[in-house]
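>>> Give me the fold of what follows.
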Amino acid sequence: MLLRQIERFLRQTDMPWTRFGRLAAQDPRFVADLRNGRMPRARTAARIEKFMRNYQENTHAH
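Residues are numbered from 1 along each chain as shown. Predicted coordinates:
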């Protein structure tokens, strides 16, 4: 489930949920909306997953 992946990512990176939403979805309320039951489109979910993968790869590369 996407929200579970995001929650884990937020804990691992210590990133505020509003910053995540702004960076990953251009929507600071994205995570709050998911927590309230919003279901993202498949393309949006794929973009969010890609953001998390790339972010973690780039942070581990340093």
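>>> only C-alpha atoms for contact and neighbour calcs from this point on.
Noted.
>>> what ranges do the helices span in this structure?
Applying DSSP state H to the chain gives helices spanning 2-13, 17-25, 30-35, 42-60.
>>> Including mean pLDDT and mean neighbour count, could those helices go into CSV?
Converted to CSV, those look like this (pLDDT from 0 to 100; neighbours: other C-alpha atoms under 10 Å):
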stretch, mean pLDDT, mean neighbour count
helix 2-13, 98, 14
helix 17-25, 98, 17
helix 30-35, 98, 16
helix 42-60, 93, 13
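>>> Pull the contacting residues for the closest residue to T44 other than its chain neighbours.
Take T44 and drop its neighbours on the chain: the residue closest to it by C-alpha to C-alpha, 6 or more residues apart in numbering is A25, 7.6 Å away. Going by C-alpha atoms under 8 Å, 6 or more residues apart in numbering, A25 touches 44, 47-48.
>>> same question, W17
10, 28, 31-32.
>>> and what of A32?
By C-alpha under 8 Å, 6+ apart, A32 lies in contact with W17.
>>> What separation do you get for the residue positioned nearest the centre of the chain and Q12?
Centroid-nearest residue in the chain: I6, 4.7 Å away (criterion: C-alpha atoms, centre = their mean). Distance of I6 to Q12, computed by C-alpha to C-alpha, to the nearest Å: 10 Å.
>>> shared neighbours, those two?
Shared contacts of I6 and Q12, defined by C-alpha under 8 Å, 6+ apart, are absent.
>>> Please identify which of the contacts of A25 is nearest to F20.
Lowest distance from F20 to the contacts of A25 (C-alpha to C-alpha) belongs to I48, with 9.5 Å.
>>> Surely that closest one is in contact with R22?
No. Contact criterion C-alpha atoms under 8 Å: I48 and R22 do not qualify, at 11.1 Å.
>>> picking that back up, among the contacts of W17, which two are most distant?
Within the contacts of W17 (distances taken as C-alpha to C-alpha), the two that end up farthest apart are L10 and P28, at 13.8 Å.
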